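Engineer: Prediction below, plus the sequence it came from.
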Amino acid sequence: MNLQTEINELFSSQQKEWEQLSNGIRQLDDIQEKEFSWGDDVFVRVQFNPARIVSTGANTDKKEIEKRPCFLCEAHRPVQQRGILFMGKYVILCNPFPILRNHITIPLHSHVPQRIRKKVSDMLSLAEQLPDYLIFYNGPRSGASAPDHFHLQAGLKSPVLLQGDNELRSCLTIESDSKHEVEELFEDVYQYIHQRQPEETEPMLNVIAFTEQNRYTLHVFPRKAHRSGHYYEEGRKQLLISPGALDMAGLIISVREEDFNKIQSQDVEDIYSQVSMPVI
Ligand SMILES: [Zn+2]
């Protein structure tokens, strides 16, 4: 059985035995979204997804993270949550707070920090086995709510998420038929971003990987801030948006209805300009 079929089967059986997951998926069926566009080619969708407060509102300070039980470690996962072993060291799990169709989380078995540099090859292997999916990575200070436990995420592809570089934010695209070449080019991009942020253990970034007709693509979004100023405002000026890979690609997650109703294209431009690192 191929991995995509195995995942479909995992979703059908997990929905029967795990209520939180079936509720999450049902909510996704009638989720509200609205779209902004710039010219004919650039578009951004905003999704009102209140369940994502678990991630958007997450306090990722080192002290807070050390205090809480890690929800990606096997010992603390929900009892109903079952997974599929991948590469002998990862487990593929259904995400009970989905943003995308077939939203999965893929943690390593071991509790090791979120660092992509040596794992981009695993990300590409996953993309290769899941041609209908896009695989995404949130850096420890760029949207990950578990910066202490390495994990990837994935979900079914949609056009809004496959956009490369545009006028709103930077995106470095790496494309090749050769996986090895993609890995080498990623290392160059990684070094370049790190040079610009030598103080960071890992430079701030988000990555999206997918394959199309056996060709590998990586979209790397260099970041200069974890969240924009809107997040820390009070009252009417506040927008509780904490961008990760999907937001950078073109799907912004809003967890409060008031933010979803009031957000304008100018705010979208402003959020991107505050969190995206310009590339020279
Ligand atoms: Zn853990």
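Structural biologist: Structure's in. What do you need? Fair warning: this is a prediction, and the values are worked out from it, not measured in the lab.
Engineer: Can you name the residues that contact the most centrally placed residue in the chain?
Structural biologist: Among the residues of the chain, the one closest to the centroid is Ala245, at 4.0 Å (Cα atoms, centre = their mean). Neighbouring residues of Ala245 by Cβ atoms under 8 Å, 6 or more residues apart in numbering: Phe136, Tyr137, Asn138, Ser142, Gly143, Gln153, Asn206, Val207, Ile208, Phe221. C-betas here are computed from N, CA, C, even on glycine.
Engineer: Swap in 10 Å and give it another go.
Structural biologist: The contact partners of Ala245, taken as Cβ atoms under 10 Å, 6 or more residues apart in numbering, are 134-139, 142-144, 152-153, 161, 205-209, 219-221, 251.
Engineer: the strands in the stretch 101-250 of the chain, which residues?
Structural biologist: 104-107, 133-138, 151-156, 172-176, 205-212, 215-222 (DSSP state E, counting those that start in this stretch).
Engineer: can I get these in CSV with mean neighbour count?
Structural biologist: Output for the strands of the stretch 101-250 of the chain, formatted as CSV (neighbours: other Cβ atoms under 10 Å):
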stretch, mean neighbour count
strand 104-107, 23
strand 133-138, 26
strand 151-156, 22
strand 172-176, 16
strand 205-212, 24
strand 215-222, 23
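Engineer: Give the phi and psi angles for Leu130, as a check.
Structural biologist: When quoted as degrees, to the nearest 10, the phi and psi of Leu130 stand at phi -120, psi 70.
Engineer: Can you name the residues of the stretch 51-200 of the chain that neighbour the ion?
Structural biologist: By Cβ under 5 Å from the ion, the residues of the stretch 51-200 of the chain that approach the ion are Cys70, Leu72, Cys73, His111, His149.
Engineer: Surely the fourth one touches Phe71?
Structural biologist: No. Counting by Cβ atoms under 10 Å, His111 stays clear of Phe71, with 11.2 Å between them.
Engineer: Quick check: neighbours shared by those two?
Structural biologist: Common neighbours of His111 and Phe71 (Cβ under 10 Å, 6+ apart) are Ala146, His149.
Engineer: circling back: how about JSON lines for the strands of the stretch 101-250 of the chain, with distance to Glu6 and mean pLDDT added?
Structural biologist: Conversion of those to JSON lines gives the following (distance: least, Cβ to Cβ, whole Å; pLDDT from 0 to 100):
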{"stretch": "strand 104-107", "distance to Glu6": "11", "mean pLDDT": "98"}
{"stretch": "strand 133-138", "distance to Glu6": "13", "mean pLDDT": "98"}
{"stretch": "strand 151-156", "distance to Glu6": "13", "mean pLDDT": "98"}
{"stretch": "strand 172-176", "distance to Glu6": "27", "mean pLDDT": "98"}
{"stretch": "strand 205-212", "distance to Glu6": "18", "mean pLDDT": "98"}
{"stretch": "strand 215-222", "distance to Glu6": "22", "mean pLDDT": "98"}
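Engineer: Could you save those strands as a markdown table and add columns showing distance to Gln81?
Structural biologist: Shown next, in a markdown table, are those (distance: least, Cβ to Cβ, whole Å):
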| stretch | distance to Gln81 |
| --- | --- |
| strand 104-107 | 10 |
| strand 133-138 | 19 |
| strand 151-156 | 14 |
| strand 172-176 | 33 |
| strand 205-212 | 24 |
| strand 215-222 | 29 |
